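Asks: here's my sequence, what's the structure:
(chains A, B, C and D)
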2 protein chains.
Amino acid sequence: MSQHRHPGAPGRAGAVPALPDLPEATVARLPEYLRALHNLAETGHETVSSEGLASAAGVNSAKLRKDLSHLGSYGTRGVGYDIALLVDQIESVLGLTQCRSVALVGVGNLGHALAGYDGFASRGFRIAALLDADPSRVGEEINGLVVRHIDELPRVAVEEAIAIGVIATPAPAAQAVADQLVAVGVTSILNFAPCVLSVPEGVDVRKVDLAIELQILSFHEHRKASLTALPAAGGSALTALPGGLAVTDTQEAIGT
Amino acid sequence: MSQHRHPGAPGRAGAVPALPDLPEATVARLPEYLRALHNLAETGHETVSSEGLASAAGVNSAKLRKDLSHLGSYGTRGVGYDIALLVDQIESVLGLTQCRSVALVGVGNLGHALAGYDGFASRGFRIAALLDADPSRVGEEINGLVVRHIDELPRVAVEEAIAIGVIATPAPAAQAVADQLVAVGVTSILNFAPCVLSVPEGVDVRKVDLAIELQILSFHEHRKASLTALPAAGGSALTALPGGLAVTDTQEAIGT
DNA sequence: AGGCGCTTGTGAAGACGTGCACAAATCGCG
DNA sequence: CGCGATTTGTGCACGTCTTCACAAGCGCCT
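Replies: Residues are numbered from 1 along each chain as shown, chains lettered A, B, ... in the order given. Okay, the predicted model is just below:
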């Protein structure tokens, strides 16, 4: 399929030493650390303590230290972490030293927005192709890119060296698109369609469902409402809300 | 703030017995079950086994049974789950029996798409207000809703009984918006801006970062590439890819 | 040079989530 | 009426993740 090759050393110290088999939970947090580090670097910092970086990333400092230790960290006791070095390390581990090309399938409401989202380019991803099955959408130009028909995927995949596929189609079309992506050698898929994709082993699928997030919030909202309503009485009471409300672990309040 | 009340019984058997303090992991999966159940209901099914529902939702059947048992499930041994009853149960637990009003702040690229996303309405959420700080965007009509200035938030929050705030602004503006939302009594926020929000206790924040998802995929892509490249030799080898590839837990391949 | 304060890295314990495997329960059929 | 097929609900063991607490290491100041 596609032959990847890490182009030389990351830039500074030792080249990728090994792939230390990181815990998934750690991998999921590394991008957040990376973003926080970039922010810190832009504000002129040279080094940062685990405490500082942790609060910037919204996590516990012990967790952060353990996460970084997993990738054979480069901190200095009594000082902290060298920001530039750490950025290089994390980017190297995440495989961000090379720009990966993304094919976006489905140029509807959401696809349109994703095509114009500049957060991708700024993190080293290049939207290399826009595809859609609807002929009336083919030919449209979005953000400097022309929408092509999904049947052109095989050619596009080779021409643009597509590494990642993003599915932003309606749910009924998603499985077929996924099959087509897999057929042309894509092994990483980001799925925005509200459905389960079945893919062969070796293909990674991550799902983002906006409605699910709202429903989870709804649950907590419902629970909070019950907690403040039930303890009072049964009827319709305009109870003054007590000081201590419910707490969840989604994100902790940061004092400072 | 807003007095919620579950309007009578869910529709059939016992009214919400209590709030059984579900595990977070379970709560996160309930919406997925709900979607699968709706699909099944539309295709004419009356009941479904844990195995069937599990595969439709992309999870393990044991996990599904345990999840459902947490909310005092209503399955019948030897038969399965009554779909209509289960839908009512889950919707009741998630607090979806009432339609919740959402305020969407930030009508840029992403906000535009979210405003037009019909997946919200179909799951019982109503986008009740569009807000933006940019005067040039105020007054624009999107999907039948007029964009209003963020300073009108206090009035809008009361008029529309806003329960959930969605932040789709650029990162630098997100914290200020969050503060404003909290100030008008919103206790659930869905944040699309790539930054950490600091909110008081009792306020739930869920974050969706599209770029982070891509970076996680990038890591796995990177790892898969290393696994197929390193074991061979050091140089540039066009190694035939072995049969057994890497597997991740994000989503398993479904054989059937 | 030596001590002191600060910060990292990590062992260990606890909390949480997952999956197996099986007993209990229900239905349908002879 | 009883039996077998089927499926739920769950006790238990295992693995993963989190958090605490502290020793080891580093730089700075005297």
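Asks: local confidence estimate at the residue minimising distance to the centre of chain A?
Replies: By Cα atoms, centre = their mean, the mean C-alpha position of chain A lies nearest to A:P31, the distance being 7.4 Å. With respect to pLDDT, A:P31 scores 98.
Asks: kindly report the same for A:S122.
Replies: Looking at A:S122, its pLDDT reads 88.
Asks: that older thread, so the residue nearest to the centre of chain A touches B:A211, yeah?
Replies: Yes - judged on Cβ atoms under 8 Å, A:P31 makes contact with B:A211 at a distance of 7.2 Å. Where C-beta positions appear, they are placed from N, C-alpha and C, glycine not excepted.
Asks: intersection of neighbour lists for these two?
Replies: A:R123 (Cβ atoms under 8 Å, 6 or more residues apart in numbering or on different chains).
Asks: before we move on, back to that, how far away is the residue nearest to the centre of chain A from B:L217?
Replies: 11 Å (Cβ to Cβ, to the nearest Å).
Asks: can you check A:L227 too?
Replies: Applying Cβ to Cβ to A:L227 and B:L217 gives a distance of 38 Å.
Asks: more crowded one of the two?
Replies: Comparing A:L227 with B:L217 by other Cβ atoms under 10 Å in any protein chain shown, the one with more neighbours is B:L217, at 28 against 14.
Asks: which helix or strand contains that one?
Replies: Secondary structure assignment for B:L217, by DSSP states H and E: helix B:210-229.
Asks: and that helix, what does it pack against?
Replies: Counting contacts by 3 or more Cβ pairs under 8 Å, 6 or more residues apart in numbering or on different chains; DSSP states H and E, helix B:210-229 is packed against helix A:24-42, helix A:83-94, strand A:100-105, strand A:125-132, strand A:162-167, strand A:188-191, strand A:204-207.
Asks: just how off-centre is that helix within its chain?
Replies: Remark: helix B:210-229 is offset 24 Å from the chain centroid, using Cα atoms, centre = their mean, to the nearest Å.
Asks: buried residues, it. List them.
Replies: Neighbour counts using 16 or more other Cβ atoms under 10 Å in any protein chain shown place B:210-226, B:228-229 of helix B:210-229 among the buried residues.
Asks: stretch A:54-68 now?
Replies: A:54-59, A:64-65, A:67-68.
Asks: out of those residues, name the ones that lie in helices.
Replies: Among the buried residues of stretch A:54-68, the ones falling in helices (DSSP state H) are A:54-57, A:64-65, A:67-68.
Asks: in TSV, list those residues along with distance to DNA strand C.
Replies: Formatted as TSV, those follow (distance: Cβ to the nearest atom of the strand, whole Å):
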residue	distance to DNA strand C
A:A54	9
A:S55	12
A:A56	12
A:A57	13
A:L64	8
A:R65	4
A:D67	9
A:L68	5
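Asks: ok, so of the residues you listed, who is nearest B:N143?
Replies: Nearest to B:N143 out of these is A:A57 (Cβ to Cβ; 35.0 Å).
Asks: so the closest one touches A:L30, yeah?
Replies: No - the pair formed by A:A57 and A:L30 falls short of the contact definition of Cβ under 8 Å, at 9.8 Å.
Asks: any stretches of the stretch 101-250 of chain A with poor pLDDT?
Replies: Low-confidence regions of the stretch 101-250 of chain A, defined by pLDDT under 70, span residues A:229-250.
Asks: apply 90 and report the result again.
Replies: For the stretch 101-250 of chain A, the stretches with pLDDT under 90 are A:118-119, A:121-122, A:226-250.
Asks: now the nearest residue to A:R35 once chain neighbours are set aside: how far from B:Q215?
Replies: Of all residues not flanking A:R35 in the chain, B:P194 sits nearest, at 5.9 Å (Cβ to Cβ, 6 or more residues apart in numbering or on different chains). Computed as Cβ to Cβ, the B:P194 to B:Q215 distance reads 11 Å.
Asks: ok, back up a step: now the helix holding B:L217 and helix A:83-94, what's the angle there?
Replies: 60 degrees (axes from the mean of the first three to the mean of the last three Cα atoms, to 10 degrees).
Asks: tell me the angle helix B:210-229 makes with helix A:24-42.
Replies: Using the same axes, to 10 degrees, helix B:210-229 lies at 120 degrees relative to helix A:24-42.
Asks: close to DNA strand D, is helix B:210-229?
Replies: No - judged by Cβ under 7 Å from any atom of the strand, helix B:210-229 stays clear of DNA strand D, getting no closer than 12.3 Å.
Asks: with stretch A:74-82 instead?
Replies: Yes - for stretch A:74-82, a contact with DNA strand D is found by Cβ under 7 Å from any atom of the strand, at A:76-79.
Asks: circling back: right, and the helices and strands packed on helix B:210-229 - which one's nearest DNA strand C?
Replies: Comparing these against DNA strand C with Cβ to the nearest atom of the strand, the closest turns out to be helix A:83-94 (9.4 Å).
Asks: how far out from the middle of the chain is the closest one?
Replies: The answer for helix A:83-94 is 17 Å, by Cα atoms, centre = their mean.
Asks: close to chain B, is it?
Replies: Yes - counting by Cβ under 8 Å from any Cβ of the partner chain, chain B is contacted by helix A:83-94 at A:93-94.
Asks: hmm, who's touching that helix?
Replies: A:10-13, A:16, A:22, A:27, A:30-31, A:33-34, A:37-38, A:40-41, A:45-48, A:68, A:71, A:73-74, A:97, A:124, B:215, B:218-219, B:222.
Asks: same deal with stretch A:171-179?
Replies: With Cβ under 8 Å, 6+ apart, stretch A:171-179 has contacts from A:105-106, A:133, A:150, A:165, A:167, A:169, A:189, A:191, A:193-195, A:197-199, A:205.
Asks: circling back: want to throw the helices and strands packed on helix B:210-229 into JSON lines with distance to B:V156?
Replies: Output for those, formatted as JSON lines (distance: least, Cβ to Cβ, whole Å):
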{"stretch": "helix A:24-42", "distance to B:V156": "31"}
{"stretch": "helix A:83-94", "distance to B:V156": "40"}
{"stretch": "strand A:100-105", "distance to B:V156": "33"}
{"stretch": "strand A:125-132", "distance to B:V156": "34"}
{"stretch": "strand A:162-167", "distance to B:V156": "33"}
{"stretch": "strand A:188-191", "distance to B:V156": "33"}
{"stretch": "strand A:204-207", "distance to B:V156": "32"}
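Asks: got the residues of chain A near DNA strand D?
Replies: So far as Cβ under 7 Å from any atom of the strand goes, chain A lies against DNA strand D at A:23-26, A:60, A:62-63, A:65-66, A:76-79, A:249.
Asks: least confident of the residues you listed?
Replies: The member of the residues of chain A next to DNA strand D with the lowest pLDDT is A:D249, at 39.
Asks: quick revisit: what is the nearest of the buried residues of stretch A:54-68 to chain B?
Replies: Nearest to chain B among the buried residues of stretch A:54-68 is A:G58, at 3.8 Å by Cβ to the nearest Cβ.
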